[in-house]
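*Asks:* Mind looking at a prediction? Sequence and model below.
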Amino acid sequence: MVTTLSGDSAKSVGVQISIIVPVFNEAPLIQPFLQRLRERAPEAEIIVADGGSSDGTDRLAAGFCEQLVESELGRGRQMNTGARAARGEILWFVHVDAKLPLQCLDEIARIMDDPNVVGGYFRIRLPRSLVYRLTDSFAHYAGILLRMRCGDHGIFCRRTTFLDIGGFPDVPLMEDVEFFRRLRRCGRVQYSERRIIVSPRRYEALGRTRLTLAYGLLATLYVFGVPLPTLARIYKRTCCDA
């Protein structure tokens, strides 16, 4: 099923947008997230790509999205599966713990109205805290310098471009960064000053300073060409619970 744009919203958005949400064992979050997503993006096609959840996430998502697709576990694989099922001209990849800005579809349509733009993303905002301000500021300016973005930024692109670059690579880590770099090679990528509110749950669980430094280390090693399997091992040691 695809939602067809109609009325004033159709005139303001003008393009069909499919939102792909990769999930795995997100039962506490999935329904509230999809309800908020529908309020913020009523004209979009919402696709949930489940990676084999065992906690009923897929059952809870049914009825709150246009399509529920099953995939092998792995965020890149799940997003590719969702993208293959999507019917929109624009594909938008969103995490289940994100809070999206108001009029997000209009903002995407505004950015993508430029034919030279192949994709884009939003700035992020973490809750109030000095460490978090450093984190989201670092994520933005270091991302510009290093030409990299992660999935928290809500990356979106044209369907045609997504197909041209082969979707997300099947790698153990940083599939979103690899995808973003491929996207940039195809044309201009524009960011929005509007903010996606990012959940601090991982920071709170593992420690704000620890995770901020770990992410910075991984980004630096990635830029210097450290192999992704090695980065994946470092990630497990520094960014995951025991």
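*Replies:* Happy to help now that I have it.
*Asks:* Low-confidence ranges, the chain, go.
*Replies:* Along the chain, the model assigns pLDDT under 70 to residues 1-14, 127-146, 241-242.
*Asks:* which residues in it form strands?
*Replies:* 17-23, 45-50, 67-70, 90-93, 117-125, 156-158, 188-197 (DSSP state E).
*Asks:* Could you dump these into JSON lines and include distance to residue 80 and mean neighbour count?
*Replies:* (Each C-beta comes from the backbone N, C-alpha and C, glycine too.) What follows is these, written out as JSON lines (distance: least, Cβ to Cβ, whole Å; neighbours: other Cβ atoms under 10 Å):
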{"stretch": "strand 17-23", "distance to residue 80": "9", "mean neighbour count": "26"}
{"stretch": "strand 45-50", "distance to residue 80": "8", "mean neighbour count": "25"}
{"stretch": "strand 67-70", "distance to residue 80": "10", "mean neighbour count": "17"}
{"stretch": "strand 90-93", "distance to residue 80": "10", "mean neighbour count": "26"}
{"stretch": "strand 117-125", "distance to residue 80": "16", "mean neighbour count": "22"}
{"stretch": "strand 156-158", "distance to residue 80": "13", "mean neighbour count": "25"}
{"stretch": "strand 188-197", "distance to residue 80": "19", "mean neighbour count": "16"}
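*Asks:* so which of those strands gets nearest residue 230?
*Replies:* Of all the strands of the chain, it is strand 17-23 that lies closest to residue 230, at 24.0 Å by Cβ to Cβ.
*Asks:* for the closest one, packing partners?
*Replies:* In this structure, strand 17-23 makes packing contacts with helix 27-40, strand 45-50, helix 75-85, strand 90-93, helix 104-112, judged by 3 or more Cβ pairs under 8 Å, 6 or more residues apart in numbering; DSSP states H and E.
*Asks:* show me what contacts the closest residue to residue 199 other than its chain neighbours?
*Replies:* In space, residue 199 comes closest to residue 97 once its chain neighbours are excluded; the distance is 3.6 Å by Cβ to Cβ, 6 or more residues apart in numbering. With Cβ atoms under 8 Å, 6 or more residues apart in numbering as the criterion, the residues that contact residue 97 are 26, 29, 33, 198, 199, 201.
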